[in-house]
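> predicted model and sequence below, questions to follow.
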Amino acid sequence: MSTLERIREKVLAQERLTPEDGELLFTHPDLLAVAQLAHSVRLKLHGTTTYYNWNLHLNSTNVCEASCLFCSFARLKTGMPQAYTMQIDDAERWIRERYRPGMTEIHIVNGLNPDLPFDYYPSLLRMIRREFPQLHIKAFTAVEIHYFAEKYGMSYEEVLRLLQEAGLGSLPGGGAEIFAERVRKKICRDKADADQWLGVHRAAHNLGLKSNCTMLYGTIETVEERVDHMRRLRALQDETKGFQVFIPLAFHNEGNRMERLPAPTAVDDLRVIAVSRLMLDNIPHIKAYWVMLGVKTAQTALLCGANDIDGTVTEEKIYHMAGSQSPGALDLGEIQHLIRAAGLTPQERTTTYQTIERAA
Ligand code: V47
């Protein structure tokens, strides 16, 4: 029996794949066979249903103490060219200009800004809850929560509780990068490490918050390190069941200090989607984030294991500053068309995967 046949049998028997199986899937020459197996798992879990949402991105400050080599968005200090920090009123105005009735989510990710008091963050959330009560607030990566805890002398639980009281609805999955210490030391040495990232999500799950998880791939990581990253996410999910979706993030190589590395190709992208669907047997959804994959690769990924394409993403900055050629936003009709053209069924969702039906 070929090695892929052996893995197929395990998948059919719903047996957990080992790290060795994961490594084999990453290196197997027949990508289409790996993708087909992942698609069969996706069909079993979700049928043809393919989720999207209607959301808006806010990055209210790009001042960031950390100096991740892959980042094109952050500016080290207040006052540097292109550094910005929105006051709460500025953020309110910014949202009001872009908000449309019917939107359901705002996704907030910021830099680690040393010049702001803690109260900035709950105030931002309170303003959104007051002015835009229809928006679920998915905000602050685990790296930010860890930074708040250290800087303002609180535990993860204390920080999360205060933010929850102010309106926090869930945590996005950013900042995980690759858990391997060897890689983190080189590409993102001065922010939360793997255990701290996982510790924040554990604390959030224990408080009843759902969260997402990611993996940045295509920098200097090995196949073993990718598989190890997935194994660690899977282990925390066994414990808490709080992750909703895994989002692989393809490295973009413009405007940062890793410009000399080639960006991942479509084949790499589809492979990561497929392997993650097969390895992460306890995480319900796999997202093909169109902003980072490009619209066409994201659509193809929906046939290779992914069952979610993220949302309209009005005004994305992190990837566009790193050279993403994707449009700044897609409208709901365009997203539905992409999904239908792949022979799949579009389904709008809330941030926490409740379905939304709208009158045509
Ligand atoms: O944490 C930054 C990554 C993340 C680059 O939870 C880069 O639903 C590639 O986490 N090339 C932020 N990646 C985005 C993120 C996200 C996106 C969409 C949905 C969700 C969700 C989360 O982007 C960062 C970092 O890992 N990143 N710069 C770059 N040049």
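Structure's in. What do you need? What you see is a predicted model; the values in this text were computed from it and never measured.
> could you report the neighbour count for Glu150?
13 (other Cβ atoms under 10 Å). (Glycine included, C-beta is placed from N, CA and C.)
> state the distance from the residue in the chain positioned nearest to the ligand to His337.
Nearest residue of the chain to the ligand, counting by Cβ to the nearest ligand atom: Gly174, 2.5 Å away. According to Cβ to Cβ, to the nearest Å, Gly174 and His337 sit 28 Å apart.
> what does Glu239 give?
Taking Cβ to Cβ as the measure, Glu239 falls 40 Å from His337.
> which one of the two is surrounded by more residues?
Higher neighbour count among Glu239 and His337: His337, with 14 against 11, using other Cβ under 10 Å.
> so where does the more buried one fall, helix or strand?
helix 332-341 (DSSP states H and E).
> so what touches the following helix or strand past that helix?
Counting by DSSP H and E, the next helix or strand C-terminal to helix 332-341 is strand 345-348. Residues outside strand 345-348 that contact it (Cβ atoms under 8 Å, 6 or more residues apart in numbering) are 47-54, 332, 335-336, 339-340, 355-358.
> so which of those residues sit within helices?
Using DSSP state H, 332, 335-336, 339-340 are the members of the contacts of strand 345-348 that sit in helices.
> need the contact list for the closest residue to Ala91 other than its chain neighbours.
Excluding its sequence neighbours, the residue lying closest to Ala91 (Cβ to Cβ, 6 or more residues apart in numbering) is Ser60, at 5.0 Å. By Cβ under 8 Å, 6+ apart, Ser60 lies in contact with 85-86, 90-91, 94, 108, 110, 124.
> circling back: residues making contact with the helix holding His337?
With contacts defined as Cβ under 8 Å, 6+ apart, helix 332-341 is touched by 50, 52, 54, 290, 295, 298-299, 302, 309, 311-312, 330, 345-346, 348.
> for PyMOL, write a command that selects the buried ones of those residues.
Typed into PyMOL, the next command selects the buried ones out of those (criterion: 16 or more other Cβ atoms under 10 Å):
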select buried, resi 50+52+54+290+295+298+299+302+309+311+312+330+346+348
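> quick check: closest non-adjacent residue to Glu357.
Glu357 sits nearest to Glu348 (Cβ to Cβ, 6+ apart), 7.8 Å away.
> what's across from the one you found in the sheet?
Beta-bridge partners for Glu348, by DSSP bridges, are Tyr52.
> how far away is it from Ala288?
Relative to Ala288, Glu348 is positioned 16 Å away (Cβ to Cβ).
> quick check on the closest residue to Gly102 other than its chain neighbours: phi, psi?
Computed as Cβ to Cβ, 6+ apart, the closest residue to Gly102 that is not its neighbour in sequence is Trp54, at 6.2 Å. For Trp54, the backbone dihedrals (degrees, to the nearest 10) come out as phi -110, psi 100.
> wait, what's in contact with Trp54?
Applying Cβ under 8 Å, 6+ apart, the residues contacting Trp54 are 100, 102-105, 311-312, 332, 348.
> could you list which of those also contact the ligand?
With the criterion set as Cβ under 6 Å from any ligand atom, no member of those is near the ligand.
> filter those down to the ones in helices?
Residues of those located in helices (DSSP H): Leu332.
> in strands, which of the contacts of Trp54 fall?
When DSSP state E defines the strands, the subset of the contacts of Trp54 inside them is 105, 311, 348.
> the closest residue to Gln299 other than its chain neighbours: how many residues sit nearby?
Using Cβ to Cβ, 6+ apart and skipping residues adjacent in sequence, the residue nearest Gln299 is Leu338, 4.8 Å away. Residues near Leu338, counting by other Cβ under 10 Å, number 21.
> re earlier: and the residue nearest to Gly102, how far is that from Lys186?
Distance from Trp54 to Lys186, by Cβ to Cβ: 38 Å.
> likewise for Ile88?
37 Å.
> where does the prediction get shaky in the stretch 251-360 of the chain?
Applying pLDDT under 70 to the stretch 251-360 of the chain picks out no residues at all.
> tell me which stretches of it form strands.
Using DSSP state E, counting those that start in this stretch, the strands of the stretch 251-360 of the chain run over 285-286, 308-311, 345-348.
> show me the strands in the stretch 101-250 of the chain, by range?
Along the stretch 101-250 of the chain, the segments classed as strands by DSSP E, counting those that start in this stretch run 105-108, 136-139, 168-171, 210-217, 243-250.
> hey, C-alpha coordinates of the third one in PDB?
As requested, the backbone C-alpha atoms of strand 168-171 are provided in PDB (Å, rounded to 0.1, in the frame of the first residue of the first chain):
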ATOM      1  CA  LEU A 168     -14.700  42.400  23.100                       C
ATOM      2  CA  GLY A 169     -16.500  39.600  21.400                       C
ATOM      3  CA  SER A 170     -13.600  37.300  20.200                       C
ATOM      4  CA  LEU A 171      -9.900  37.200  19.400                       C
END
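> quick one on the thing from earlier: now render the strands of the stretch 101-250 of the chain as a markdown table, adding mean pLDDT, mean neighbour count and distance to Arg42.
Output for the strands of the stretch 101-250 of the chain, formatted as a markdown table (pLDDT from 0 to 100; neighbours: other Cβ atoms under 10 Å; distance: least, Cβ to Cβ, whole Å):
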| stretch | mean pLDDT | mean neighbour count | distance to Arg42 |
| --- | --- | --- | --- |
| strand 105-108 | 97 | 23 | 23 |
| strand 136-139 | 98 | 24 | 23 |
| strand 168-171 | 98 | 24 | 23 |
| strand 210-217 | 98 | 22 | 18 |
| strand 243-250 | 98 | 24 | 12 |
